[in-house]
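Trainee: Dropping the sequence and predicted coords here.
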Amino acid sequence: MIISPIPDFSFRTLTDVTPEFLNQLGIKFLMLDLDNTIAAYDEHLPSDALLQWAQDVRSQGVELYIVSNSLRKKRVAAFTQELDVGVIMNAHKPSPNGVFKAMETSGHTVESSAFIGDQIFTDTLAANRAGVISIIVRPLRFTNPFLALRFAAEAPFRAMCKNNSRNKKTSSSMQRRTAKQKI
């Protein structure tokens, strides 16, 4: 089985993903990466904009959950407490096991779930391997040259994303969902 590193959707930032967009996809469970997706590595609490976004998303019936490779318990605990979300730490992405565990813990299915992250080779691959909608965002901050190099290496996969401005085709997962809803 070939697993694609191409995300289903791409947005500039996490807060650009609207509750309306999630509703169009039938998403009821949204998993989020922490580092450089929700907050930069050196931030220890969610921003006001993030808290408002989370409230708006939840008001539309979407449950949020953090799935992170982070081992920084104190920092992760601060975010889960402030955002009032569940968490899977040390998820070992790109393994899909953390994604599966989050869905199992929350009682959600692949069909109603999505994952948002900033890295193709961890977040997108974990989501695609689990069979959930994958959404990529730009990293919030490049804190070292390695992150900038990784982002450059990911550029071709980001460019092939179905909702990229250069490629307006509907994503295959959106087509699958639409077909399922018609049956």
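Mentor: Everything's here; your move. Every value quoted in this text rests on a predicted model; they were computed, and no experiment measured them.
Trainee: Quick check, Asp33 in contact with Ile120.
Mentor: No: here Asp33 does not reach Ile120: they are 11.7 Å apart, not a contact under CB atoms under 8 Å. Yep, even glycine has a C-beta here, placed from its N, CA and C like the rest.
Trainee: Tell me which residue is most central in this protein.
Mentor: When CA atoms, centre = their mean is applied to the chain, the residue found nearest the centroid is Ile116 (0.9 Å).
Trainee: A strand includes that residue, no?
Mentor: Yes: under DSSP: H, G, I helix; E, B strand; the rest coil, Ile116 falls within a strand.
Trainee: and it, what does it touch?
Mentor: 14, 17, 30-33, 37, 123, 135-137 (CB atoms under 8 Å, 6 or more residues apart in numbering).
Trainee: packing partners for the longest helix seen in the chain?
Mentor: Criterion DSSP state H: the longest helix present in the chain is helix 145-159. Applying 3 or more CB pairs under 8 Å, 6 or more residues apart in numbering; DSSP states H and E, we find helix 145-159 packed against no helix or strand.
Trainee: 10 Å - rerun?
Mentor: For helix 145-159, the packing partners by 3 or more CB pairs under 10 Å, 6 or more residues apart in numbering; DSSP states H and E come out as strand 9-11, strand 133-137.
Trainee: List the buried residues for the next helix or strand after the shortest one?
Mentor: The one in question is strand 9-11. Moving toward the C-terminus from strand 9-11, the next helix or strand (DSSP states H and E) is helix 19-25. Under the neighbour-count criterion of 16 or more other CB atoms under 10 Å, helix 19-25 has 19, 22, 25 buried.
Trainee: Phe115 bridge partners, please.
Mentor: In this entry, Phe115 is beta-bridged to Met31, Ser134, by DSSP bridges.
Trainee: still on that earlier bit, His44: which of the contacts of Ile116 is nearest?
Mentor: Thr37 (15.3 Å; CB to CB).
Trainee: list the contacts for that closest one?
Mentor: Each residue near Thr37 by CB atoms under 10 Å, 6 or more residues apart in numbering is listed here: 13-14, 66, 68, 115-119, 123, 135-140.
Trainee: what does Thr143 give?
Mentor: So Thr143 contacts 36, 40-42 (CB under 10 Å, 6+ apart).
Trainee: change it to 7 Å
Mentor: Tyr41 (CB atoms under 7 Å, 6 or more residues apart in numbering).
Trainee: Which strand or helix spans it?
Mentor: Using DSSP H and E, Thr143 falls within no helix or strand.
Trainee: ranges for the helices of this structure?
Mentor: Residue ranges of the helices in the chain, as given by DSSP H, are 19-25, 48-59, 73-83, 97-106, 125-130, 145-159, 172-182.
Trainee: if we compare these, which one ends up closest to Ile6?
Mentor: helix 145-159 (5.3 Å).
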